[in-house]
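Chemist: Predicted model and sequence below, questions to follow.
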Amino acid sequence: MNKYYIGIDIGSISTKAVIMDEDKNIIVSEYLWTEGSPIEATKKIISSLKKKLDEKNITPKIYGIGTTGSARNLVGNVVGANIIKNEITAHAIGTLSRYKDVRTILEIGGQDSKIIIINNGIVVDYAMNTLCAAGTGAFLSSQAKRLGVRIEDMGDIALSSKNPSKIAARCTVFAESDLVHKAQIGHKKEDLISGLCASVVKNYLNNLSRGKRIEDRVVFQGGVSKNKGVVKAFEKELNTRVYVDENSHLMGALGIAILSKKANKEDKELNFDFDIKDIEFKTLGVECNGCSNNCEIVYVYKNGKVIDKIGGRCERSNMLESKTS
């Protein structure tokens, strides 16, 4: 009997999911936009995974479900996850499963970025950027629209540049104004795009790598890792090869799937139903006035019944009665 494990990585921009087997092989995967609704994105991604399993004539026995990413707690409660972990841990575990000797993980997502330093398979340092958009995929996406190109084509266009434009890397405001100015004075589109890729890399390194020693092997992941122009810019700045796995965008999901396997100590099949698209999930925020913390308690409803509660820093929040939706 084959055992399978689900990993879901819910970000602000995109949601990624994998189903892996006992040997950590990805059997099926999916990537879609979160569109501001992590619960609806989760419903869609679970349905898509099931469809892909059906196409492979696989009847899954689920032994682990893990969630990571910015909406990990909410979605973890919705799907009944047996483990919920932060992105740093998930990305490190996922990458180590593919690159045992990784020392530095560079990750750039839609709205944030992170660097993870690993020594002997253990995370020894990390940093996250959730404030400056200039070093993220959202910045590249907005500039792609400004220049009239598809975000998927930016990497190839950047590689065709013979004379990359120098674009300010301090923040989005300076970068955008610099881009507009150089476009108006006649810089070629490929040179502007190559300059943008270099700008993202410089912003990333300025914000995240200070005080950190970046050593081989360096692995780059997240959606932006698919941009060949950014990969080339990293290799130029770091003067080393930067590895990009074919599943680089799925490393967080893979990592949390691996952790869900480890978390199932009793090795028992979970009671998981793939058919959740018609289940009504709602959330309701309630402020607890039991003490000066004034915590916001988020109730998660499944078909009108409370299935879990998120938030609360003290015991008084546990006495707060939920409101009906």
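Modeler: Yep, it's here.
Chemist: what comes up buried for the helix ranked longest in the chain?
Modeler: Scanning the chain for the helix with the most residues, using DSSP state H, yields helix 189-208. Neighbour-count burial for helix 189-208, counted by 16 or more other C-beta atoms under 10 Å, picks out 190-205, 207-208. The C-beta positions use only the backbone N, C-alpha and C, and glycine is treated the same way.
Chemist: Report the next helix or strand after whichever strand or helix holds A233 in sequence order.
Modeler: Using DSSP states H and E, A233 falls within helix 228-238. Note on helix 228-238: by DSSP H and E, the next helix or strand toward the C-terminus is strand 242-243.
Chemist: Can you give me the buried ones in the next helix-or-strand element following that next one?
Modeler: Next helix or strand after strand 242-243 toward the C-terminus (DSSP H and E): helix 251-263. Neighbour-count burial for helix 251-263, counted by 16+ other C-beta under 10 Å, picks out 251-261, 263.
Chemist: would you turn these into CSV with distance to K166?
Modeler: As requested, these are exported to CSV (distance: C-beta to C-beta, whole Å):
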residue, distance to K166
M251, 32
G252, 33
A253, 37
L254, 37
G255, 37
I256, 40
A257, 42
I258, 42
L259, 43
S260, 46
K261, 48
A263, 48
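Chemist: Show me which of these is closest to V286.
Modeler: I256 (28.7 Å; C-beta to C-beta).
Chemist: Report pLDDT for that closest one.
Modeler: For I256, the pLDDT comes out at 98.
Chemist: Also V218?
Modeler: Per-residue pLDDT puts V218 at 98.
Chemist: surely it meets L106?
Modeler: Yes - using C-beta atoms under 8 Å, V218 makes contact with L106 at a distance of 6.6 Å.
Chemist: in the chain, what spans have low per-residue confidence?
Modeler: Applying pLDDT under 70 to the chain picks out residues 1, 130-135, 169-171, 308, 310, 312-325.
Chemist: tell me which residues in the helix holding A233 are buried?
Modeler: 228-234, 237-238.
Chemist: Just give me the closest of those residues to N120.
Modeler: L238 (21.3 Å).
Chemist: How about the contacts made by that closest one?
Modeler: 214, 218 (C-beta atoms under 8 Å, 6 or more residues apart in numbering).
Chemist: make it 10 Å
Modeler: Residues near L238 by C-beta atoms under 10 Å, 6 or more residues apart in numbering: 104, 106, 201, 205, 209, 214-216, 218.
Chemist: Please apply the same query to L254.
Modeler: So, once contact is read as C-beta under 10 Å, 6+ apart, L254 ends up touching 5, 7, 9, 16-18, 20, 24-26, 29, 66, 90-91, 93-95, 97-98, 245, 247.
Chemist: 7 Å instead?
Modeler: L254 makes contact with 7, 18, 20, 26, 94, 97, 247, according to C-beta atoms under 7 Å, 6 or more residues apart in numbering.
Chemist: Relative to the helix or strand encompassing the first one, what are the paired strands and their orientations?
Modeler: Put plainly, it is G7. If you go by DSSP H and E, G7 is part of strand 4-10. Using DSSP bridges, the strands paired with strand 4-10 are strand 14-20 (antiparallel), strand 62-69 (parallel).
Chemist: Out of these, which one sits most buried?
Modeler: Of the strands paired with strand 4-10, the one with the most neighbours on average (mean count of other C-beta atoms under 10 Å) is strand 62-69, at a mean of 27.
Chemist: Now tell me what touches that strand from outside.
Modeler: Looking at what lies outside strand 62-69 - C-beta under 7 Å, 6+ apart - the contacts are 3-11, 75-76, 79-87, 90, 252, 256-257, 259-261, 263-264, 267, 269-270, 272.
Chemist: and A90, that one's in a strand?
Modeler: No - using DSSP: H, G, I helix; E, B strand; the rest coil, the secondary structure at A90 is helix, not a strand.
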